[in-house]
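Asks: quick one: sequence plus predicted model below, questions after.
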Amino acid sequence: MHYAALVLLTLFWALFLGRTCMLMRRGIQVFVIAKGKRLPERLLEALLMPLLILWSLLVALTALGKPIFPAPMFWNSPALAWVGSALCGLGLILFAAALSSFGNAWRVGIDDEHSDALVTNGVFAHSRNPIFLFMHLFFFGVFLMFPNWFFLAAFLIEAIGIHRQILNEERFLHKKYGDAYDAYRKKVRRYL
């Protein structure tokens, strides 16, 4: 059993839900997914939260030794499991720093109606996409803790889906902020 996975998952949801509730109490609509897009994009974005919740449940059950999809492990390495835990922990620090840097501007999805100024301070001075980098680290870390086909597939799907979202956001930010975003993009890398 990997109790570290349960602790890390709990910390993620505490940060996510805590920040969401804080912003919603301020009257900010945090979830702006599936708005004003083509049908395939709307469907994919609408499935985002249910799939994240399902993935989290499967991580928790696997950590408790009760996996729904008992797939054979590729390896049994406590050292790699600890590396996975460390990557998840590093990702959570990055996530917390990004939420702090975002201030009231954090949204789930692209908010073309109420977007604030371009955020380039804090952790965004080192990565244009620290929350997405967190997700890559977290999903890959979970795969290292539970190295089976299911968690490998989840990581690959997450990585491809997030990269596509990043490209969509880059187009939006270029359109909205023009030269200011282009200068920022030249100075700060997409991930690190």
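Replies: Arrived safely.
Asks: give the residue spans of this structure that score low on pLDDT.
Replies: In the predicted model of the chain, residues 1, 34-37, 39-42, 114-115 satisfy pLDDT under 70.
Asks: all helices of it, in order?
Replies: Secondary structure of the chain (DSSP state H): helices located at 3-25, 39-63, 78-102, 130-145, 149-177, 179-187.
Asks: how much space between the most centrally placed residue in the chain and residue 145?
Replies: Nearest residue to the geometric centre of the chain (CA atoms, centre = their mean): residue 135, 3.4 Å. With distances taken as CB to CB, to the nearest Å, residue 135 is found 16 Å from residue 145. Heads up, the C-betas are built off the backbone N, CA and C, glycines and all.
Asks: reformat the helices of the chain as TSV; add distance to residue 69.
Replies: Formatted as TSV, the helices of the chain follow (distance: least, CB to CB, whole Å):
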stretch	distance to residue 69
helix 3-25	15
helix 39-63	7
helix 78-102	18
helix 130-145	14
helix 149-177	5
helix 179-187	40
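Asks: go through those and name the closest to residue 110.
Replies: helix 149-177 (5.2 Å; CB to CB).
Asks: so that closest one versus helix 39-63, what angle?
Replies: Inter-element angle recorded for helix 149-177 and helix 39-63: 140 degrees (by axes from the mean of the first three to the mean of the last three CA atoms, to 10 degrees).
Asks: what about helix 149-177, distance to the chain center?
Replies: Remark: helix 149-177 is offset 10 Å from the chain centroid, using CA atoms, centre = their mean, to the nearest Å.
Asks: shouldn't residue 188 be in contact with residue 125?
Replies: Yes - between residue 188 and residue 125 there is a contact under CB atoms under 8 Å: 6.5 Å.
Asks: okay, those two: which has more neighbours?
Replies: residue 188 (16 against 13; other CB atoms under 10 Å).
Asks: got the phi/psi numbers for that one?
Replies: Dihedral pair for residue 188: phi -120, psi 130, per degrees, to the nearest 10.
Asks: can you pull the contacts of it?
Replies: Contacts for residue 188 (CB atoms under 8 Å, 6 or more residues apart in numbering) come out as 120, 124-128.
Asks: try 6 Å
Replies: Residue 188 is in contact with residue 128, counting by CB atoms under 6 Å, 6 or more residues apart in numbering.
Asks: distance of it from residue 148?
Replies: Per CB to CB, residue 188 is found 35 Å from residue 148.
Asks: and residue 84, by the same measure?
Replies: Distance of residue 84 to residue 148, given as CB to CB: 13 Å.
Asks: noted, bye for now.
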